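K.L.:
Pasted the sequence and its predicted model underneath.
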Protein chains: 4
Amino acid sequence: MTKMLQPAPDWDIMQWLNADRPLDLASLRGRVVVAAAFQMLCPGCVMQTIPRMRQVHSLFATNDVAVVGLHTVFEHHEAMMPTALAAFLYEYKVTFPVGVDRPGERGDPIPSTMRRYAMQGTPTLILIDRFGRLRRQVFGHIPDLQLGAEIMALIREARSDIPTHEEGAASAGTEAASDCDDRGCPV
Amino acid sequence: MTKMLQPAPDWDIMQWLNADRPLDLASLRGRVVVAAAFQMLCPGCVMQTIPRMRQVHSLFATNDVAVVGLHTVFEHHEAMMPTALAAFLYEYKVTFPVGVDRPGERGDPIPSTMRRYAMQGTPTLILIDRFGRLRRQVFGHIPDLQLGAEIMALIREARSDIPTHEEGAASAGTEAASDCDDRGCPV
Amino acid sequence: MTKMLQPAPDWDIMQWLNADRPLDLASLRGRVVVAAAFQMLCPGCVMQTIPRMRQVHSLFATNDVAVVGLHTVFEHHEAMMPTALAAFLYEYKVTFPVGVDRPGERGDPIPSTMRRYAMQGTPTLILIDRFGRLRRQVFGHIPDLQLGAEIMALIREARSDIPTHEEGAASAGTEAASDCDDRGCPV
Amino acid sequence: MTKMLQPAPDWDIMQWLNADRPLDLASLRGRVVVAAAFQMLCPGCVMQTIPRMRQVHSLFATNDVAVVGLHTVFEHHEAMMPTALAAFLYEYKVTFPVGVDRPGERGDPIPSTMRRYAMQGTPTLILIDRFGRLRRQVFGHIPDLQLGAEIMALIREARSDIPTHEEGAASAGTEAASDCDDRGCPV
């Protein structure tokens, strides 16, 4: 089983918090991007993803790794507006940039970036290489040991190392649940 | 060091969630009340208090113990309105009654019930005996083993057991911090 | 479903550690006894039971509660001799009395006290009331909240409160496994 | 502050468990070596190091990473003989090779390999690169995220990447304590 490496879809962001100006993938080229799609009322995101992303943010050098949150709200929209998100980020001491995903069109509850990546729910972890290509997308969580190893593999990757095809690998713990649980919220 | 046992102050609640009709201490007389004041954006409340209160709710018989949440918002008011709270309770699977504390008057950021109890911040744990008297109030957390023992002591208490004076006891881990941390949010 | 309350079987102990003289149930009459049967090489005992018993030992008054360990070795006997146990207790900062269960006779791998209580494996938690009667025996673990409540219920029990028959209650998480796992070691 | 990269000292092992034949650094050349010095009665080793090393062993490919335990006993020698160690490894499901460090000469309580590495206590984590050079030695623990990243950095290292001098880096949480605690046992 092989797959082509594809460019990561552009993000479609309505508003950025913790950022001086809008971020896009083009401007992050040259760095590894560790992005997490989350909702501020998703228990698995709050208990696991946010602390883990804060740790990634503090461990790796800014030159090597850009940590980004994507607030992909697909339920309880009125409870998770940008004002509420700003309060959440303050209380949870999140200092990396967080983009508010653009609401879906024509009544689609799934916001735009979430739709482009065909995410299954929140949290979703995304790893993008220095060349802007999507290298990992997983609904749910991976262990810290594995996450550290995967990020470092992308950091240390030279252009010549990069496969044009990649072997498929099984993702652990990514099955969808019927509703939010301690791990996350499926669409 | 001794203190008189005093009736617990009445709650001043604007709106109840997960309840058919308003609750007050008089109507809970005869049961032990385990109440937790919290804010939905307080990390220590979310990570520790809410799971612990859910466990108390499932472990003890309803005839013996009433579990109650008090949403005592003293910061980020606009982000923690009742609509947002309802979504929070749904996602965190909270099924016990939660009262929204009445906002303070004349610009006081501290809400009414929080003021009456002179709480230092969130979370605050409150134990009230079968006679409506305040037996324990602690800012922060106590270990599960201790909480289970204290609740059962109140359950098993006969009228004749109750001291009219109570020895003071040191509370562990209740010091105030200067801002929200993993344990809670001081006023 | 009801059962008669029975006296707890006497312990059959070869040697006591952390004790000036041998302990027996008769000498503990009047106090609640919280006993844990364990093996020093049982992962679930080491990771959960030992820390929990240390916490019970520090939380409750000595007049009310006697905490006792029972070293019930049924496998790897040569690796868990009393000398090794003494080193284990020192390193894990166990200061409550621990009795070494007497080896089984005629090649029986199950030691004597373990046999008398018909324990299913280690860890086994045992609660004995002030009158020397066995009130609770569970293979595996119960949550701290529940343990605290059950101990306090026995502490506060007056002679007149005690049922001569007790309703059966389901024990959570006590099923036997086929070998040691994170929870414990079945016989 | 810079330091020369030095070859890792050879191990001085009396007996190997979980191995068909003796291991030495020369035979592991070409692979990254993740070694942990531990004692089977050191709480920090048991609760943190052993589970972490098992996870390293299952996550990384055998061709890339060799996981090795070093049983460096410097106290309670009689309680941690190879027979007891074998039972410990069985119960804790450790399947990677573990070498028993050779006892010190002339009454030295510090065993030989521990002395060669000038370890401060147990646990000690050791990372050795594909060229047999000592790249990391830390008394205590490092977070999983960081450990995963450091191992992968060594895996991906090409000969040309390797510094002949390395900048010093502060190690977190490595201070010695006066006795065993939850983190480990200083010499």
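P.N.:
The structure has been received and is ready for your questions. Given the structure is predicted, the values throughout are model-derived calculations rather than measurements.

K.L.:
I'd say residue A:125 and residue A:135 touch.
P.N.:
No - with contact defined as CB atoms under 8 Å, residue A:125 does not count as touching residue A:135 (11.1 Å). No exception for glycine: its C-beta is placed from N, CA and C like everyone else's.

K.L.:
Neighbour count for these two, which is higher?
P.N.:
Shown here are residue A:125 and residue A:135; by other CB atoms under 10 Å in any protein chain shown, residue A:125 has more neighbours (23 against 20).

K.L.:
what residues are up against residue A:8?
P.N.:
Counting by CB atoms under 8 Å, 6 or more residues apart in numbering or on different chains, residue A:8 touches A:25, A:33, A:126, A:128, A:132-134.

K.L.:
Name the nearest of those residues relative to residue A:62.
P.N.:
Using CB to CB, residue A:33 comes nearest to residue A:62 of the contacts of residue A:8, at 12.1 Å.

K.L.:
Okay, and the beta partners of the closest one?
P.N.:
Beta-bridge partners recorded for residue A:33 (DSSP bridges): residue A:66, residue A:128.

K.L.:
What's the local residue count around it?
P.N.:
22.

K.L.:
That one contacts residue A:25, correct?
P.N.:
Yes - the pair residue A:33 / residue A:25 is scored as a contact, 7.2 Å apart, by CB under 8 Å.

K.L.:
Give me the common contacts of these two.
P.N.:
A:8, A:128.

K.L.:
can you tell me how far the one residue in chain A that gets nearest to chain D sits from residue A:28?
P.N.:
Taking CB to the nearest CB, chain D has its nearest neighbour within chain A at residue A:148, 2.8 Å off. Separation of residue A:148 from residue A:28 (CB to CB, to the nearest Å): 20 Å.

K.L.:
Counting neighbours, go ahead and name the busier of those two.
P.N.:
In this view residue A:148 and residue A:28 are compared by other CB under 10 Å, and residue A:148 has more residues nearby, 25 against 18.

K.L.:
What backbone torsions are found at the closest residue to that one other than its chain neighbours?
P.N.:
Closest residue in space to residue A:148, ignoring its immediate chain neighbours: residue D:148 at 2.8 Å, by CB to CB, 6 or more residues apart in numbering or on different chains. When read as degrees, to the nearest 10, the backbone of residue D:148 gives phi -60, psi -40.

K.L.:
Straight-line length of stretch A:94-112, end to end?
P.N.:
Distance across stretch A:94-112, first residue to last, is 23 Å (CA to CA, to the nearest Å).

K.L.:
and the spatially most central residue of chain A, helix, strand or coil?
P.N.:
Centroid check for chain A by CA atoms, centre = their mean gives residue A:36 as the closest residue, at 2.2 Å. Recorded secondary structure, residue A:36: strand (DSSP: H, G, I helix; E, B strand; the rest coil).

K.L.:
Spit out the contact partners of it.
P.N.:
A:45, A:49, A:53, A:68-70, A:123-126.

K.L.:
could you dump the residues you listed to JSON lines with secondary structure and distance to chain D?
P.N.:
Listed next are the contacts of residue A:36 as JSON lines, based on DSSP: H, G, I helix; E, B strand; the rest coil; distance: CB to the nearest CB, whole Å:
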{"residue": "A:45", "secondary structure": "helix", "distance to chain D": "18"}
{"residue": "A:49", "secondary structure": "helix", "distance to chain D": "13"}
{"residue": "A:53", "secondary structure": "helix", "distance to chain D": "11"}
{"residue": "A:68", "secondary structure": "strand", "distance to chain D": "17"}
{"residue": "A:69", "secondary structure": "strand", "distance to chain D": "17"}
{"residue": "A:70", "secondary structure": "strand", "distance to chain D": "20"}
{"residue": "A:123", "secondary structure": "coil", "distance to chain D": "16"}
{"residue": "A:124", "secondary structure": "strand", "distance to chain D": "19"}
{"residue": "A:125", "secondary structure": "strand", "distance to chain D": "13"}
{"residue": "A:126", "secondary structure": "strand", "distance to chain D": "17"}
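
K.L.:
Run through those residues and flag the ones next to chain B.
P.N.:
Among the contacts of residue A:36, no residue is within reach of chain B (CB under 8 Å from any CB of the partner chain).

K.L.:
Adding pLDDT and distance to residue B:118, write the residues you listed out as a markdown table.
P.N.:
Conversion of those to a markdown table gives the following (pLDDT from 0 to 100; distance: CB to CB, whole Å):
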| residue | pLDDT | distance to residue B:118 |
| --- | --- | --- |
| A:45 | 98 | 34 |
| A:49 | 98 | 36 |
| A:53 | 98 | 37 |
| A:68 | 98 | 42 |
| A:69 | 98 | 37 |
| A:70 | 98 | 42 |
| A:123 | 98 | 39 |
| A:124 | 98 | 44 |
| A:125 | 98 | 44 |
| A:126 | 98 | 47 |
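
K.L.:
Out of these, which is nearest to residue D:57?
P.N.:
Distances from residue D:57 to the contacts of residue A:36, taken by CB to CB, are shortest for residue A:125, at 23.6 Å.

K.L.:
Now that closest one. Nearest residue, chain neighbours left out?
P.N.:
Closest to residue A:125 by CB to CB, 6+ apart is residue A:138, at 5.0 Å.

K.L.:
doesn't the one you found fall inside a strand?
P.N.:
Yes - under three-state DSSP, residue A:138 sits within a strand.

K.L.:
neighbours around it, how many?
P.N.:
With other CB under 10 Å as criterion, residue A:138 counts 18.

K.L.:
got any ranges where chain A has weak pLDDT?
P.N.:
Along chain A, the parts satisfying pLDDT under 70 run over A:1-3, A:159-178, A:183.

K.L.:
Could you pull out the strands in it for me?
P.N.:
Remark: strands assigned in chain A by DSSP state E are A:2-4, A:13-17, A:32-38, A:65-71, A:98-101, A:121-122, A:124-128, A:134-139, A:165-167, A:185-186.

K.L.:
do you know how far residue A:23 is from residue A:67?
P.N.:
11 Å.

K.L.:
Quick check: residues of chain A near chain D?
P.N.:
Residues of chain A that fall close to chain D, judged by CB under 8 Å from any CB: A:52, A:55-56, A:59-60, A:143-153, A:155-157, A:161.

K.L.:
List the backbone torsions phi and psi for residue A:64.
P.N.:
According to degrees, to the nearest 10, residue A:64 has phi -90, psi -40.

K.L.:
Excluding chain neighbours, what is closest to it?
P.N.:
Closest to residue A:64 by CB to CB, 6+ apart is residue A:155, at 4.9 Å.

K.L.:
which residues in chain A form helices?
P.N.:
For chain A, helices defined by DSSP state H occupy the ranges A:25-28, A:43-44, A:50-59, A:82-91, A:112-116, A:144-155.

K.L.:
export the last one as CSV, just CAs?
P.N.:
The one in question is helix A:144-155. C-alpha atoms of helix A:144-155 as CSV (Å, rounded to 0.1, in the frame of the first residue of the first chain):
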residue,chain,number,x,y,z
ASP,A,144,3.9,11.4,23.3
LEU,A,145,6.8,9.2,22.5
GLN,A,146,5.6,8.6,19.0
LEU,A,147,4.7,12.2,18.4
GLY,A,148,8.1,13.4,19.5
ALA,A,149,9.7,10.9,17.1
GLU,A,150,7.5,11.8,14.2
ILE,A,151,8.1,15.5,14.6
MET,A,152,11.9,15.0,14.8
ALA,A,153,11.8,12.7,11.7
LEU,A,154,10.3,15.6,9.7
ILE,A,155,12.8,18.1,11.3
